[in-house]
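My questions are about this predicted structure, shown below with the sequence.
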Amino acid sequence: MMRRSRKKGLVPGTPVHIGQKMTDISSVRLVDFNETDILVTPDAAKEDITRKPPGDMIRWAHLTGVHDVELVQALCKQYNIHPLVVEDLVNTEHRPKVEIHQDYIFLVLKTFNLEGKESISIEQISFILGPTYLLSFQESDDPIFQPIFTRIEKDHGNVRSSGADYLAYSLLDLIVDDYYGFTESLSEHVETLEDEVIENPTTTTLHGIYRLKRIVSIARRNLWPLREIVGRLYRDPSSLIKPSTNIYMRDLYDHVIQVNDYLEGYREALSSMLDTYLSSVSNKMNEVMKVLTVISTVFIPLTLIAGIYGMNFFNMPELTWPYGYSTILIIMTVMGILMLAYFRKIDWI
Amino acid sequence: MMRRSRKKGLVPGTPVHIGQKMTDISSVRLVDFNETDILVTPDAAKEDITRKPPGDMIRWAHLTGVHDVELVQALCKQYNIHPLVVEDLVNTEHRPKVEIHQDYIFLVLKTFNLEGKESISIEQISFILGPTYLLSFQESDDPIFQPIFTRIEKDHGNVRSSGADYLAYSLLDLIVDDYYGFTESLSEHVETLEDEVIENPTTTTLHGIYRLKRIVSIARRNLWPLREIVGRLYRDPSSLIKPSTNIYMRDLYDHVIQVNDYLEGYREALSSMLDTYLSSVSNKMNEVMKVLTVISTVFIPLTLIAGIYGMNFFNMPELTWPYGYSTILIIMTVMGILMLAYFRKIDWI
Amino acid sequence: MMRRSRKKGLVPGTPVHIGQKMTDISSVRLVDFNETDILVTPDAAKEDITRKPPGDMIRWAHLTGVHDVELVQALCKQYNIHPLVVEDLVNTEHRPKVEIHQDYIFLVLKTFNLEGKESISIEQISFILGPTYLLSFQESDDPIFQPIFTRIEKDHGNVRSSGADYLAYSLLDLIVDDYYGFTESLSEHVETLEDEVIENPTTTTLHGIYRLKRIVSIARRNLWPLREIVGRLYRDPSSLIKPSTNIYMRDLYDHVIQVNDYLEGYREALSSMLDTYLSSVSNKMNEVMKVLTVISTVFIPLTLIAGIYGMNFFNMPELTWPYGYSTILIIMTVMGILMLAYFRKIDWI
Amino acid sequence: MMRRSRKKGLVPGTPVHIGQKMTDISSVRLVDFNETDILVTPDAAKEDITRKPPGDMIRWAHLTGVHDVELVQALCKQYNIHPLVVEDLVNTEHRPKVEIHQDYIFLVLKTFNLEGKESISIEQISFILGPTYLLSFQESDDPIFQPIFTRIEKDHGNVRSSGADYLAYSLLDLIVDDYYGFTESLSEHVETLEDEVIENPTTTTLHGIYRLKRIVSIARRNLWPLREIVGRLYRDPSSLIKPSTNIYMRDLYDHVIQVNDYLEGYREALSSMLDTYLSSVSNKMNEVMKVLTVISTVFIPLTLIAGIYGMNFFNMPELTWPYGYSTILIIMTVMGILMLAYFRKIDWI
Amino acid sequence: MMRRSRKKGLVPGTPVHIGQKMTDISSVRLVDFNETDILVTPDAAKEDITRKPPGDMIRWAHLTGVHDVELVQALCKQYNIHPLVVEDLVNTEHRPKVEIHQDYIFLVLKTFNLEGKESISIEQISFILGPTYLLSFQESDDPIFQPIFTRIEKDHGNVRSSGADYLAYSLLDLIVDDYYGFTESLSEHVETLEDEVIENPTTTTLHGIYRLKRIVSIARRNLWPLREIVGRLYRDPSSLIKPSTNIYMRDLYDHVIQVNDYLEGYREALSSMLDTYLSSVSNKMNEVMKVLTVISTVFIPLTLIAGIYGMNFFNMPELTWPYGYSTILIIMTVMGILMLAYFRKIDWI
């Protein structure tokens, strides 16, 4: 893995891939479209990239494999993207952000995948939205944008008839829909743990809670900034986002806030589960202590009595009584029963 | 139950019912009224919906059963409601919000019902307030707005003579009054638990506290946004809310803040009850430990003495003393009493 | 007691008394005054209320017993007070607030009384300040405003020569002075508890801390809004508050902030006392455990030795030694002393 | 001690000394100076106070002993100070604040003295800064401003050549420098406690931490407002503070922020020490429990064996074996060693 | 070490070195450059400092060893730096800050070095950025700015062709890159501790967590203000920062926020590790208690039985039964096994 510190001392704006490589392949898919026509170049060569889309067509260039720094640079050169933006594109450890430049808007965000209940994998998705183009960048070759691609091809919805800004909205909307799926998986794990905590809390439950807390905390760190990001897209719209798209951005903003609300709810639920767990552990301890105390309190005095009559004094009259033994056994039994009754009364057993 | 993630990949603005279906029936009741006349259509057919109210009449259309997506769409089409708003209307997992559109105001809020002390049921109520109409949407067929309906019919208060905005206020006011009932039920449960915590805290009490905490937390999440929502209605009033209605909105705002204050108070009370519970558990543990320690400390030395005189050495002069046995019994008794006296002195028993 | 939920479904602006009735009597005292003359009507009849004060006189109408809804309405009708304000006046569970209306300012605040160390009683005081009149409303018939009344009668201070706004300030100042007394009582209870926690913390101390925490929390909830209320009176003064009175309002604002600071301080002190209490309980538990461990560790091995020489094997040579018994007693004593010395060394006893 | 509540019912603006009297003597020292001349009146009589300083001289009047209400009033009368300000001057329990009046600026702040590690003493210092005069008020007769006085006398720095505002800055700077000394003393106590907590935490350490926490909390409450106070002097300067002095105020502001940062740091350190203390206590408890458990687990089974062979059955063949006794001793020893080895393995001893 | 309180009473603006001396040597390196030429004076004498750089050259003066107050003063005098700024330059305990003066910008920040896992060393770096010059000040003689120096010499990047502001950015960027290295070291220590906490938590782990928490807390205190500092450079740029440099400042701002995010993440991770540690300690305690209870509960009743048959009553018929002994042994074994089975069933062993 490439670490961020490797860049120390490099000239600012030098693009260096930072992070884990998530695929071996890198490619660019060009989709040029307007209301009537569509032109798809699945694996665009360098010449395809430099060729302008015909007429008034909107171009959507989707790049998979941002570790291919040269490819990213080649694509960005076409649209005069600032070197610092290119540097950020290939740095996959960047926090979510929006930058409104003169000619384009630059967006960085993350998608999540739960891997079992244990861990979370994060992928960085970036967008550059220009007046007539949209560049999207992805780490892996996971076909997450397939539904939108299909929609454009089959001319569903109004993606074809709207501009690049509506396309950007559609992709963002898809990602946010993904967050709903992610929160629903989380929700199931939270509920499973909740049942465990109440029915039979074990150390495994505890570790499960901690792991889930951590996942929620990571997700929050990456989703919280989205409120501000989408909020900025919707509130101070540059001329790049048309008023007709603006209402969609507001809807998106609502969804982002709701996803964050869900996460907040899980966080609270997990904290409260931790408290429940701890107080249940403390209750158990209490039970253990009570058992120990009851046993000791009941048997230790009886043992003393047995010890007394085991002494070897010559002159112990009780020893010679014919019913001495049975008397003492009865006394012991009664004492034991009385003590148990007392403990029952004070609700210890 | 329909989950939110099912919408992934759908064209934005596609209305899909999300959430639990709360009734089988869906219907629209039209109430057209002005100061002098009233016209009620209890179960409006499609033609009734498309027919305009006569003259200067205000129309209140109340729809029950938002799972009936088609009905919602039919009603909304009449007033040119944006598809995204329709999508939100049939999504019953939406958080409370207000949207001030050009021609209408869109409101989403929730009502609560305590089911026993255990859980809370939530219903979503939405409003669309236009210049001369008010649309209200409800999940179930619970007649929550009956009092206002009666008031219009019998011409109580000034609903008939005021516009759609005052009608909207009246409905909101009814919902907020409902919150007072809800907080009073909560308050009773909180007090019951408070008594239990002080008199006889058990694990049931603890679970009760956790459950109530959760209910309060859910209610807060749904009521906190209301401050902003009603605050916006009252502070930056669009032309849809007349100045005469504005003062009522301010009053409503006060009530919303008070309900939130109550919830805040319950939250604090529950937290403090948890602390009390935990310290009482810890105190009990302390008591248990003291009993154990006192018993052990008193009896273990005596047992040793008995053990010593149970040894089988040939040459143990005490054994042959005529008063050996009684002397040792007296010594043991005195030792035990002295130790008990000591523990009493240091306040352990 | 009347509960808030009883109002559900009533027409907004219907005045209903909410809360406990604090007195049986209700009356209005009219005080008309200018710089030279004063006219007092102790128990004003309805005609007195409707009669205007002569000339340029300022009228102070003080109503005791807000449960008398009709009397409140009669008084308010004289000054065209909005029905919603009247509704708030007779609702004694209202949170403190200020409302700046066109013609008058409406203020709600609370006074506190400590009842023993146990609980707090709250009374609601409301004011309506107009250009030439001040209405004050009180739940009980406690003569809290007597000092101001005396001051007006004897022409002390400049109440007589200043307007209704200065009179309002004087009454507010009196209430805030009352808060100082309240905080001083709290302060004494806090100090008593502090001593108890350090010297001899018991369960009573703990409950005392919880009770005081609750009282402080209630007081804070009612005093915190005062910052904003008095702050608004002083910062955006309507024409109802003259510049000469404004500097007094700023002084009042300072006092309100200081009272809130005190409460904050008590809250911190109580939290820290709780921590001290809990760690002292935990320390005691530690002591108990140590005693138990020392006793067990010292005596259990000795008991084993005694047990061994109590075995009935035929061939146990030590038993026949002439000094066997005394040797074993000496060994036991030495072992016990050594173990005690060890525990002393590691600082357990 | 005079308590604040004694003022209840008094006419606002009545000066009453509140707080502890810190000295018996009260006096005013007048220092009139300009760039060339200086005129000192150490113990000014009433005539001296009313006499104007000659020519363009700046007057610094320093009053010690604010309990002398009459003296304070006499001095303030000279400069038309508002009665409410005079009231605040003699109230030594006032919180730090700044008031920017038409003709003068009124400042209240505090100095601290650590008395041992145990407690903190607080003194209130007030300033009234006018265009050509500075009045300073002090509770005790501690010569805290001596260095500035010396600097003026010997014409060090540019106090003489600058105006009253720079003089005010110099005095404030001296007080803030005092805060550095105070924080350094705190810092030493914090470090001492830190060592104790790690090396040998006792109950004394715990109480030391609580006491220091409290001192830090009191200091914070009095220093936090200084940020706003000095910030206001520096940011919205009235004409009373010249631009040339303004840069010094910014420097002062920096220092005030740094002192607050230090306090924040101590607070964190103390909190973290508390955590360390508590977990060390809990660790010790754990150790104690382990010792008890090891001892019990090793000896109780052995005691049972001894008990078994102490039974008096006629037919116990082992008892008659020639090596019965030594065999059983060996078995016991081996069992004990094995159990100890096991406990060592699981890391309990 | 020089302490801050030593300055008490000194005339404001008196430069006194505060803090530890980090090197014995102090020197100034002058680098004069423009797009075509470069002139380096490694160890500038006083005359070099006063000599102006030829033509339109930018001067970068780098001073190592700020303890040399005279050298700092000599350098600053050249550029009319305000005495208060000089005072701050030689005070190495200053908090990070930015001051935008008329003619220059003054910046203070810190670099960190982890020394083992135990402690952190901090060095203060200050900048004064003028229109055509940049002064940088360093405590030690550590060549941290060597990469930039090399870049200027070899004309890499566009430092030579850009102004003093871009040079300042480059140095800041280098320091922020350093923070990345620092956070990565922290991250490794955090991960090591995380493994320890889960696998084998000891008291050492606990102390490690506390130490790291403290380091993170110190780093946060020094890095948090950087958000505001760089934010101010980027948001309200004075004319000293050219628009072309501004975009770089925004990039830097992003990095500063990310570093702070990392620290926030470590802080959370450490807190959560503490919780894990404590609950693991509490779990262990629970285990210990269970062992003790199981042992006591199993053996104490058996010991009582043995004690009973060790009593010396004459008439104990069981003793004479031929199979008495073996019967009692079997009963004991069965009892023991049953009790162990019960404990297994309730999941204690």
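Arrived safely, thanks for sending.

Can you name the residues that contact residue A:141?
Taking C-beta atoms under 8 Å, 6 or more residues apart in numbering or on different chains as the contact definition, residue A:141 lies against A:23, A:25, A:27, A:64, A:65. Glycine gets a C-beta too; all of them are placed from N, C-alpha and C.

of those, buried ones?
Buried by 16 or more other C-beta atoms under 10 Å in any protein chain shown: A:23, A:27, A:64, A:65, out of these.

from those, which is closest to residue D:304?
residue A:23 (68.0 Å; C-beta to C-beta).

Give the helix, strand or coil label for the nearest residue to the closest one once chain neighbours are set aside.
In space, and not counting its chain neighbours, residue A:23 is closest to residue A:141: 4.5 Å by C-beta to C-beta, 6 or more residues apart in numbering or on different chains. Of the three states, residue A:141 takes coil under DSSP: H, G, I helix; E, B strand; the rest coil.

Pull out the buried positions in the helix or strand where residue A:150 lies.
Using DSSP states H and E, residue A:150 maps to helix A:146-154. Neighbour counts over helix A:146-154 (16+ other C-beta under 10 Å) mark A:147, A:148, A:149, A:151, A:152 as buried.

give me every residue that touches the closest residue to the third one other than its chain neighbours.
Going back to what we said before, that points to residue A:149. Take residue A:149 and drop its neighbours on the chain: the residue closest to it by C-beta to C-beta, 6+ apart is residue A:31, 6.9 Å away. Counting by C-beta under 8 Å, 6+ apart, residue A:31 makes contact with A:38, A:39, A:40, A:41, A:59, A:60, A:61, A:62, A:149, A:152.

at 7 Å instead, please
Listed by C-beta atoms under 7 Å, 6 or more residues apart in numbering or on different chains, the contact set of residue A:31 reads A:40, A:60, A:149, A:152.

want to throw these into TSV with pLDDT and distance to residue D:175?
Shown next, in TSV, are the contacts of residue A:31 (pLDDT from 0 to 100; distance: C-beta to C-beta, whole Å):
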residue	pLDDT	distance to residue D:175
A:40	92	75
A:60	95	65
A:149	91	70
A:152	90	70
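
how about those residues, which pair is most distant?
A:40 and A:60 (9.8 Å).

For those two, work out which one has more neighbours and name it.
A side-by-side neighbour count of residue A:40 and residue A:60, using other C-beta atoms under 10 Å in any protein chain shown, places residue A:60 first with 25 against 14.

ok, that one touching residue A:134?
Yes: between residue A:60 and residue A:134 a contact is recorded at 5.0 Å, counting by C-beta atoms under 7 Å.

Need the residues touching each of the two.
Shared contacts of residue A:60 and residue A:134 (C-beta under 7 Å, 6+ apart): residue A:167.

which residues in chain A form helices?
Using DSSP state H, the helices assigned to chain A run over residues A:46-50, A:69-77, A:83-89, A:146-154, A:164-199, A:203-235, A:243-308, A:317-320, A:324-345.

Near chain D, which residues of the stretch 201-349 of chain A are found?
residue A:310 (C-beta under 7 Å from any C-beta of the partner chain).

give me the residue from the stretch 201-349 of chain A nearest chain C.
Nearest residue of the stretch 201-349 of chain A to chain C, counting by C-beta to the nearest C-beta: residue A:310, 6.8 Å away.

Just give me the closest of the buried residues of helix A:146-154 to residue E:13.
Lowest distance from residue E:13 to the buried residues of helix A:146-154 (C-beta to C-beta) belongs to residue A:148, with 64.5 Å.

My guess is that closest one contacts residue A:172. True?
No: using C-beta under 7 Å, residue A:148 makes no contact with residue A:172, being 10.3 Å away.

Could you chop chain A up by domain?
A:4-279, A:284-345 (automatic domain parsing).

pLDDT score assigned to the spatially closest residue to residue A:249 that is not a sequence neighbour?
Using C-beta to C-beta, 6+ apart and skipping the chain neighbours, the partner closest in space to residue A:249 is residue A:234 (3.9 Å). For residue A:234, the pLDDT comes out at 84.

go on, residue A:207?
Reported pLDDT for residue A:207: 85.

how many neighbours does the nearest residue to residue A:27 once chain neighbours are set aside have?
Using C-beta to C-beta, 6+ apart and skipping the chain neighbours, the partner closest in space to residue A:27 is residue A:43 (4.8 Å). Each residue near residue A:43 was counted by other C-beta under 10 Å, and the total is 10.

Residue C:296 versus residue A:304, what's the distance?
Separation of residue A:304 from residue C:296 (C-beta to C-beta, to the nearest Å): 15 Å.

And for residue A:179?
Separation of residue A:179 from residue C:296 (C-beta to C-beta): 58 Å.

More neighbours: these two, which one.
Between residue A:179 and residue C:296, counting by other C-beta under 10 Å, residue A:179 is the more crowded of the two (27 against 21).

show me what contacts the more buried one?
With the criterion set at C-beta under 7 Å, 6+ apart, residue A:179 makes contact with A:223, A:259.

let's see 6 Å
Taking C-beta atoms under 6 Å, 6 or more residues apart in numbering or on different chains, we find residue A:179 in contact with residue A:259.

quick revisit: need the pLDDT of the residue nearest to residue A:27.
89.

I'd guessed it sits against residue A:26; true?
No: look at residue A:43 against residue A:26 with C-beta atoms under 6 Å: they stay out of range, at 10.1 Å.

Can you give me the neighbour number for the residue of the stretch 201-349 of chain A found nearest chain E?
With C-beta to the nearest C-beta as the measure, residue A:306 is the residue of the stretch 201-349 of chain A nearest to chain E, at 3.2 Å. Neighbour count for residue A:306, taken as other C-beta under 10 Å: 24.

Name the nearest residue to it, ignoring sequence neighbours.
Closest to residue A:306 by C-beta to C-beta, 6+ apart is residue E:307, at 3.2 Å.

Below-threshold pLDDT in chain A: ranges please.
Scanning chain A for pLDDT under 70 picks out A:1-2, A:237.

quick one, phi/psi of the residue nearest to residue A:309 when sequence neighbours are not counted?
Nearest residue to residue A:309 in three dimensions, chain neighbours excluded: residue E:311, at 3.9 Å (C-beta to C-beta, 6+ apart). Residue E:311 adopts backbone torsions of phi -70, psi 150, taken as degrees, to the nearest 10.

List the residues that contact residue E:311.
Contact analysis of residue E:311 by C-beta under 6 Å, 6+ apart lists A:306, A:309, A:310.

Tell me the one among those nearest to chain B.
residue A:310 (4.2 Å).

quick one: contacts for that closest one?
B:310, E:310, E:311.

redo that, cut-off 8 Å
By C-beta under 8 Å, 6+ apart, the neighbours of residue A:310 are B:306, B:310, C:310, D:310, E:307, E:310, E:311, E:312.

and if you look at residue A:197?
Counted by C-beta under 8 Å, 6+ apart, residue A:197 has contacts A:205, A:209, A:273, A:276, A:277, A:280.

If we check chain B, which of those are in contact?
For chain B, the contacts drawn from the contacts of residue A:197 by C-beta under 8 Å from any C-beta of the partner chain are residue A:276.

how about the contacts of residue A:197, which pair is most distant?
Taking C-beta to C-beta as the measure, the contacts of residue A:197 span a maximum distance of 12.2 Å, between A:209 and A:280.

Tell me which of these two has more neighbours.
residue A:209 (25 against 18).

Would you agree that one is in contact with residue A:276?
No: using C-beta atoms under 8 Å, residue A:209 makes no contact with residue A:276, being 9.7 Å away.

Which residues of the stretch 201-349 of chain A lie near chain C?
Contact residues (C-beta under 8 Å from any C-beta) of the stretch 201-349 of chain A with chain C: residue A:310.
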